[in-house]
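Asks: give me coordinates for this.
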Amino acid sequence: MKRVMIYTDGACSGNPGPGGWGAILVYNGRERELSGGEASTTNNRMELMAAITALETLKEPCEVVLTSDSKYLVDAVEKGWLESWRKKGWKKSDGKMALNIDLWERILVQLERHKIEFVWIKGHAGYEYNERCDALAVAEREKYV
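Replies: Numbering: from 1, shown residues only. All right, here's what the predicted structure looks like:
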């Protein structure tokens, strides 16, 4: 399997409000930037869209290291919350419905397709790729402000 590094970030002005996302895929010394946005969204949705779009862009199953500053994304997968929500009909432990079910379902498809390791990093802490993803996300967000 090919080994791909993916870096992602989302940005939102207001929550909800105009938002953007950015992703960088790195494979074999080559980089590809992806970005997009929406006029009315949330920061969490943009964080998820960055990861989803990057993963869906891969043409074949890959080994992926996905680095994100989103605890929502990383913890939901790594701590088993996502699988628990799905098994309980998308209900969280407090009995409330999980948010962003449409996006989580797309993440589940990618989790079956790829071998993914999620890595959390602190945002706005000088990590080169995270800063670049943030700049992509902010530029997309600004299109809607």
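
Asks: which residues are in contact with residue 36?
Replies: Residue 36 sits next to 20-21, 49, 53, 140 when contact means CB atoms under 8 Å, 6 or more residues apart in numbering. Using the backbone N, CA and C atoms, a C-beta is placed for each residue, glycine as well.

Asks: just the pLDDT for it.
Replies: Looking at residue 36, its pLDDT stands at 98.

Asks: tell me if it really is in a strand.
Replies: Yes: counting by DSSP: H, G, I helix; E, B strand; the rest coil, residue 36 falls inside a strand.

Asks: so what's it bridging to?
Replies: When assigned by DSSP bridges, residue 36 has beta-bridge partners residue 21.

Asks: how about low-confidence regions in this structure?
Replies: Counting by pLDDT under 70, not a single residue of the chain qualifies.

Asks: what about the strands in it?
Replies: Secondary structure of the chain (DSSP state E): strands located at 2-12, 17-27, 30-41, 62-68, 115-120.

Asks: Serialize the contacts of residue 36 to TSV and add fields for distance to residue 123 and neighbour count.
Replies: Listed next are the contacts of residue 36 as TSV, based on distance: CB to CB, whole Å; neighbours: other CB atoms under 10 Å:
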residue	distance to residue 123	neighbour count
20	14	29
21	13	31
49	16	27
53	19	18
140	17	21
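
Asks: which one among those gets closest to residue 107?
Replies: Set against residue 107, the nearest of the contacts of residue 36 by CB to CB is residue 49 (10.3 Å).

Asks: measure the nearest residue to the closest one once chain neighbours are set aside to residue 2 for me?
Replies: Leaving aside its chain neighbours, residue 49 sits nearest to residue 21 (4.7 Å; criterion: CB to CB, 6 or more residues apart in numbering). According to CB to CB, to the nearest Å, residue 21 and residue 2 sit 23 Å apart.

Asks: same thing with residue 127?
Replies: 23 Å.
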